[in-house]
Every structure is written in structure tokens, then in C-alpha cells.
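# Quick one, structure for this:
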Amino acid sequence: MKKQCPSWLNSCIFYQIYPQSFYDSNGDGIGDIPGIIEKLDYIKSLGCDAIWLNPCFVSPFNDAGYDVADYYKVASRYGKNADLKRLFKTAHKKGFRVCLDFVPGHTSIEHPWFKESSRAEKNKYSNRYIWTDSPWGWDDPQSSGGLKTIHGYGNRNGAYITNFFWSQPALNYGFAKPDPKMTWQLPVDHTDCKATGNELRKIMRYWLDMGADGFRVDMAGALVKGDTDYKATIALWQPIAKMMEKDYPEAVLIAEWFSPPDAIDGGFHIDFTPFSGEQSLAMLFRAEKNAQTYPVFFDINLPNSFFAKQGKGDAAKFMNAFVSQNQKIKNRGHIGLYSSNHDFTRISVNRTQKEIELVFVFMLTMPAVPFIYYGDEIGMKYQRNLPSKEGGYERTGSRTPMHWLSDNNAGFSSATADKLYLPVGSEYKKLNVDYQNKIPHSLLNKVRQLTAIRIKTPSLQADGKFKILYCKPNEYPLVYLRSNKNQKVLIAINPSGKIAGAKFQISRTKSFKKIIVADGVELENLNNNFSLKMNSISYGIYELK
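Reported below is the predicted structural model:
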């Protein structure tokens, strides 16, 4: 699908906000939308100019809002629709864009659609969700098509398909190849399946008309069932993307697909990299026990990650895959890179400040759109062994309140500690915004320095050209070149705990100057033959002339 990406994506830096944990403005212990509005100037100070806001709609919160009960109404704990509209307007005045998290794959069992769908009597919502034709057979995959089913709910003579938790019934967009033996599997062109897609458009238009700047779409590649080659899912999204391109040309579609070529073919502008193993929650949470079971690059916790100081990682696997994927979407869309997010352990785990800086150097200099998860810029810790909150389980430790001050509750809320959505991390005395604002070389100020470099250096932005200069299997450092017609910038990264060096050539280069360089990095050029020496855990960014 040929399309034009919104031009602002090239230089954009996103900031992801988990609303219940960002800032509580009314003292009830839960973050809210007015609190986000109060902190927009802080986000702007980071160099971020777009926000990805995790789900904020009416929900029973069995999965932290990813179980929506009303797509058209903000959950009362966050405020009202008018507050979200005010966030859009205020953000726009300050030069921000705000993208909502949209969950089209499933709803809560409390959604009115599902209540109607679970009735015994046929009605317009009977096929809004996927139901088998029998309440039995939970031990028989032949009766469910191998899908996850919940049996014995309501009076309907069937079992419903679920996407994630038991309380998240799958919306029905049809099956790519319906099994004729299972008459409940409807084709994608069935009237009722098309009705689900039409409702999807209505919801998106509602919020875009209110002022939203786009959507991050949860499980975007998994709407059509049995779609092994994604062709039917791509076909589902293409008219939606065309609608947005025509009526909302500056709005963005961000996919949780983990297959950039397919997502971009479907009309999305951004999809996240699939190359680190992070697309599999189960694999991530088992990672420390099974560190050798899949290739990793960016996952902090694993000793065979390229970004682990053990120096046993292989950048070549990731970079070769990245180049291949990026080439397939060239001039049509972007890959997204995030520091961490609400589903994964934070990047600070087992890392020093300098090691975290290297992650930000990489993320902010690659040909991709960067996403900073709230709190990563101050090194907030993943809180281990917390009781699960709202379906968080292992993810709960990455969803704790933002640290603003050294005061009680880290400045997150005026509520008593026992009323907080989640407990504040014990390290908040120094890992907070106010404290790090005052320290010139704090992580917060380093991140600001790096985002400023990206913003004022066009060749480092998403559309800049990219060339690998040094990247060998199981070796360090990683060196690459970003360029445009007027500028060339060299980036060198050594996350290992040992000294590393590299030799490479760059044609038509007479001189270079430091943009930002860690101690112990030496770069020499003799007739376009470069020699690089790097101390352990170091990085350098140079402009070439």
C-alpha cells in the first residue's frame, strides 16, 4: 500500500504514559488526565513531542484497561471526556501530539455488546464476538479450532473465544480460511464481521474528531483468526488507513504487530521491532531461566544480550535483521524502538547509569522512531515480587508510580501510602525528577542532552540514511553511520565490560568533531581509514566533514 507518512514522525520522540501511575492531581492515589496536563512542560523538557497514552476508557480493569467496557467514555478514575479533550487542546498549544491506546481485538465481558452477544436469543450482537456452537468440548481442540475458549458463560449454547485473559472475549472480524466443519467460523466478508470493522472505524473517528492525533493499536496483527500470512488482516486495515489518510492526514497509526513489512502494508506508519524476543511475554518472563533459547539484543536482563556488560552478545543478528526489515518498508513507514514499556521489565535492571545511557544513545540515533517509557529517563527500577495489580502479574513491577520528588509518595500523590495505586519504589530519594534536575550529569540530563542532539541533527532522525561500519558476530563495538545530503554522523557503542576496538573506512572524510563522547574513546582518521579504541561501557557520536 503506497501512502505518505505524516512528516512530523521523522523527528518525533514519543513518551509513553501509564496514566494510573503518572501523576495524581486529586489525591485519590491514582494518576489521572488532569495530572498529565500538569506535567506536559516536563515532558516537553525531555525533548519529547508526542505521547502514547495507555488505555484510559471505562473498564473493570481486569487487565489494566485493556479490557474495555465502553470505547466512547473515559474511565471516571482518570476524569471525563472533557478532560481528555482538554489534554488534546493543551498539548497542541504546547506543540505536542497525543495518541490513544486502542484495543480492537477484544473487550471486557462487561461491555454491553458482549452482554447482548451472550444471550440465548439471536440479536444484532450475536456474532460481534466469536462463539462456538456448543458449551462443551473444552478438552477437544476439534470443537474450538485450537483457540482458547471459555465455557459455561451466560445462557448461550456455545463457548466464547478469548484473546488473552478469560474476561477478554475476542471480537469477530472473521476467519481467513473458515473450517466448513465449524459453521461458527465466519468468513471475513460476512455481514456481521464487516459490522465489527465498521464499528472500529466509528470509534476511531470519534476520538480523532475530538482531537486525538492517532492510535497505538493493541494486537493489530491478530484480529482475523487463522490468518497465517496476514493477508486478510492487511486487507482489513487498508481501508481504515485510507480513511485516515484522506480525512486525518496528520494522524498516525502505530501497530503492535511485530512484523513491520506486514504492518506497513496494512497502512500503519510505525511497527515495533520484533528482533529482541520481546514480542513474546512468556519468553521474556522466562528469560532469566532460559537465556539461551532465543536471540536477544536489547533485553537488559540476559547475559547474551549485546547490551549486557558480559560482552557475550551478537549485534550482527539484530542489525542484519533490522537492515532487512527497514529496507522492506523504506519510504513507506518506520520501525519503532522503545526503552521499555508496560509489558516488560525496565531497562535499569542490573545496569549502571552509564549502561542505561548506552541504550538511549542507540535508541535515539537509529533510523527509527524512539519511544521513552515514563520513568526510564530517571532510571526507575523494576520492582520485583509485587503482588499482581489489575492483571499485571510479572508486569506489575514496571507500572509503579512516577518519581517526581524526594518527599513522601515521591511526589506522585497526596494520598496516604496505603491508598496508592501501587507502592512507590524505595529508591525514589535520588531517582526522581526534582533531584536529577539539579545534577548536571544525572541520567535525566543526559537523556535531555541526547534528545536535543537528535532534534538538531537531521541525519540522526528516522529518515536519515543508515550504514553499518563495524558489526561482527560476537564482537564489540558496534559502529554505524547516519547521513543525509549535508551531514554525516558516526555512532560507536561498546556496552561490554571490556576494551574494544575497530577499523573501518569512510570515503571522502577529511575531519571529524565530537558531538558527545564518553571518557576513554579515541577516534583517528588517516586517509579515510579510521581506527577506533573504546573503553568498557562507552560511546561516541561524531560529526564527519
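# Average pLDDT for the strand or helix carrying residue 356, rounded please.
Element membership of residue 356, judged by DSSP states H and E, is helix 353-365. In this model, helix 353-365 has an average pLDDT of 95.
# got the buried residues for that helix?
For helix 353-365, burial by neighbour count (16 or more other CB atoms under 10 Å) applies to 354, 355, 356, 357, 358, 359, 360, 361, 362, 363, 364, 365. Heads up, the C-betas are built off the backbone N, CA and C, glycines and all.
# just those now: which is nearest residue 92?
Nearest to residue 92 among the buried residues of helix 353-365: residue 364, at 24.3 Å, using CB to CB.
# just to revisit the earlier point, strand partners (parallel or antiparallel) of the helix or strand following the helix holding residue 356?
Per DSSP H and E, the first helix or strand lying C-terminal to helix 353-365 is strand 369-373. Using DSSP bridges, the strands paired with strand 369-373 are strand 14-17 (parallel), strand 334-338 (parallel).
# ok, and the closest non-adjacent residue to residue 104?
In this structure, residue 104 finds its nearest non-sequential neighbour in residue 200, 5.2 Å apart by CB to CB, 6 or more residues apart in numbering.
# Could you tell me which residues within stretch 116-128 count as buried?
So, applying 16+ other CB under 10 Å, buried residues of stretch 116-128: 117, 118, 125, 126, 127, 128.
# Make TSV out of those residues and add pLDDT.
Below are the buried residues of stretch 116-128 laid out as TSV (pLDDT from 0 to 100):
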residue	pLDDT
117	98
118	97
125	98
126	98
127	98
128	98
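# biggest separation within the residues you listed, which pair?
118 and 127 (12.2 Å).
# So for residue 485, which of the strands paired with strand 369-373 sits nearest?
That would be strand 334-338 among the strands paired with strand 369-373, by CB to CB, at 19.8 Å.
# A strand includes residue 161, no?
Yes. Per DSSP: H, G, I helix; E, B strand; the rest coil, residue 161 lies within a strand segment.
# And the pLDDT for it?
According to the prediction, residue 161 has pLDDT 96.
# Would you mind confirming that it is in contact with residue 153?
No. Residue 161 is not in contact with residue 153 according to CB atoms under 8 Å; the separation is 11.7 Å.
# Looking at these two, which is more packed in?
The neighbour comparison of residue 161 against residue 153 (other CB atoms under 10 Å) goes to residue 161, with 23 against 18.
# List the contacts of the more buried one.
By CB atoms under 8 Å, 6 or more residues apart in numbering, the contact set of residue 161 is 129, 130, 131, 132, 144, 147, 148, 149, 169, 170, 225.
# what sits opposite it in the beta ladder?
Assigned bridge partners for residue 161, using DSSP bridges, are residue 149.
# what about residue 439, how many residues close to it?
Residue 439 has 11 nearby residues by other CB under 10 Å.
# For it, give its distance to residue 495.
Using CB to CB, to the nearest Å, residue 439 is found at 23 Å from residue 495.
# Residue 216 too?
Using CB to CB, one gets 28 Å for the distance from residue 216 to residue 495.
# rewinding a little: neighbour-wise, which of the contacts of residue 161 leads?
When neighbours are counted by other CB under 10 Å, residue 130 leads the contacts of residue 161 with 29 neighbours.
# mind listing what that one touches?
Residue 130 makes contacts with 147, 160, 161, 169, 170, 171, 172, 184, 225, as judged by CB under 8 Å, 6+ apart.
# Find the nearest non-adjacent residue to the last one, please.
When the adjacent residues along the chain are set aside, residue 225 lies closest to residue 175, with 4.8 Å between them (CB to CB, 6+ apart).
# close enough to count as contact, the one you found and residue 233?
No. Judged on CB under 8 Å, residue 175 makes no contact with residue 233 at a distance of 11.3 Å.
# list the residues that contact both of these two?
The contact sets of residue 175 and residue 233 overlap at 224, 227 (CB under 8 Å, 6+ apart).
# one step back: what pairs with the residue nearest to residue 225 across the strands?
residue 187, residue 225.
# And the pLDDT at it?
98.
# All further residue positions should be reported with the first residue as 19.
Noted, 19 is the first residue going forward, which turns the last one into residue 193.
# residues near it, how many?
Here the number of neighbours of residue 193 (other CB under 10 Å) works out to 23.
# Return the residues in contact with it.
Counting by CB under 8 Å, 6+ apart, residue 193 touches 203, 204, 205, 206, 242, 243, 244, 245.
# Pull out the buried residues from those.
Among these, those classed as buried by neighbour count (16+ other CB under 10 Å) are 203, 204, 206, 242, 243, 245.
# Dihedrals phi and psi, the second one?
Comment: the main-chain dihedrals of residue 204 come out as phi -90, psi 150, following degrees, to the nearest 10.
# what's the answer for the first one, then?
Phi and psi for residue 203, reported as degrees, to the nearest 10, are phi -80, psi 110.
# What separation is there between the residue nearest to residue 243 and residue 163?
Separation of residue 193 from residue 163 (CB to CB): 8 Å.
# so residue 110 makes contact with residue 268?
No. With contact defined as CB under 8 Å, residue 110 does not reach residue 268; the gap is 11.0 Å.
# Let me know the next secondary structure element after the helix or strand of the chain with the lowest mean pLDDT.
Every helix and strand of the chain was ranked by mean pLDDT, DSSP states H and E. The lowest is helix 299-303, at a mean of 29. Following helix 299-303 in sequence order, the next helix or strand is helix 333-346 (DSSP H and E).
# Any buried residues in that following helix, and which?
Across helix 333-346, burial judged by 16+ other CB under 10 Å covers 333, 334, 335, 336, 337, 339, 340, 341, 343, 344.
# So for that helix, mean pLDDT?
Rounded mean pLDDT across helix 333-346 is 89.
# show me where this protein has helices.
Ranges of helices in the chain, per DSSP state H, are 51-56, 58-63, 99-111, 130-135, 159-162, 209-228, 249-265, 278-283, 299-303, 333-346, 371-383, 451-455, 461-474.
# Mind giving me the packing neighbours of the fifth one?
Put plainly, it is helix 159-162. The helices and strands touching helix 159-162, judged by 3 or more CB pairs under 8 Å, 6 or more residues apart in numbering; DSSP states H and E, number zero.
# So which residues make contact with that helix?
So helix 159-162 is in contact with 150, 152, 154, 155, 156, 177, 179, 200, going by CB under 8 Å, 6+ apart.
# Residue 436 - how many residues pack around it?
The tally of other residues near residue 436 (other CB under 10 Å) stands at 7.
# oh sorry, the question was meant for residue 209
Residue 209: 8 surrounding residues under other CB under 10 Å.
# separation between it and residue 163?
From residue 209 over to residue 163 (counting by CB to CB), the distance is 21 Å.
# next one: residue 232
33 Å.
# same check, this time on residue 216
25 Å.
# And residue 463, by the same measure?
54 Å.
# of these two, who's got more company?
Remark: of residue 463 and residue 163, residue 163 carries more neighbours, 19 against 15, as counted by other CB under 10 Å.
# Share the number of residues neighbouring the residue nearest to residue 90 when sequence neighbours are not counted, please.
Leaving aside its chain neighbours, residue 90 sits nearest to residue 224 (6.0 Å; criterion: CB to CB, 6+ apart). Per other CB under 10 Å, the neighbour tally for residue 224 reads 13.
# who touches residue 393 in this structure?
With contacts defined as CB under 8 Å, 6+ apart, the neighbours of residue 393 are 364, 420, 421.
# try 6 Å
The contact partners of residue 393, by CB atoms under 6 Å, 6 or more residues apart in numbering, come to residue 420.
# Can you check what pLDDT the model gives it?
Reported pLDDT for residue 393: 98.
# ditto for residue 318
Residue 318 is assigned a pLDDT of 49 by the prediction.
# for the one 4 residues further on, same thing?
The confidence metric pLDDT takes the value 71 at residue 322.
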